[in-house]
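Trainee: just the structure for this:
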Amino acid sequence: MGERECSVSGGACSTAARVEALERQMQTEKSERSRAHEKIYDRLGELERGMTAVTTQYSQIISQLASMSADLNTLKDRPSRRWESVVAALITGVVGYLLARLGLN
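Mentor: Below you'll find the predicted structure:
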């Protein structure tokens, strides 16, 4: 007895066509799912590549911010060093003046 023959009537079963249609439908759905999965994996790959680029840019930004912070601290220290120099010069001048006045009398 063949695979598609009915044991009752000896002819082709009426459900054989339905089974074949279901098998074709399942194969079609399997192919569609495979294509959908492939698209998903492609998009995941693109996202991974994009994240790598973003991570690299982020690292560069952090590096530049650190450099800018160091430069900013240097600029903030300059006026205080100038004032220290001015105050030291004034003190030296006052002390020199006082010593000169005391030495002349």
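
Trainee: can you tell me the average pLDDT over the helix or strand hosting R33?
Mentor: Here R33, judged by DSSP states H and E, is contained in helix 14-104. Averaging pLDDT along helix 14-104 yields 90.

Trainee: from now on call the first residue 615
Mentor: Done: numbering now begins at 615, and the last item shifts to helix 628-718.

Trainee: figure out how far it is from the centre of its chain.
Mentor: Taking the mean of its C-alpha atoms, helix 628-718 sits 8 Å from the chain's own mean (Cα atoms, centre = their mean, to the nearest Å).

Trainee: what residues are up against E698?
Mentor: For E698, no contacting residues are found, by Cβ atoms under 8 Å, 6 or more residues apart in numbering. Bear in mind the C-beta positions are built from the backbone N, C-alpha and C, glycine included.

Trainee: any idea how far N687 lies from Q678?
Mentor: The gap separating N687 from Q678 is 15 Å, by Cβ to Cβ, to the nearest Å.

Trainee: ok, Y711 next?
Mentor: 50 Å.

Trainee: check I654 too.
Mentor: For I654, the distance to Q678 equals 36 Å [Cβ to Cβ].

Trainee: what do you get for G659?
Mentor: Counting by Cβ to Cβ - G659 and Q678 are separated by 29 Å.

Trainee: please apply the same query to Q641.
Mentor: 56 Å.

Trainee: again with D656
Mentor: Applying Cβ to Cβ to D656 and Q678 gives a distance of 34 Å.

Trainee: do the same with A684
Mentor: Distance of A684 to Q678, computed by Cβ to Cβ: 11 Å.
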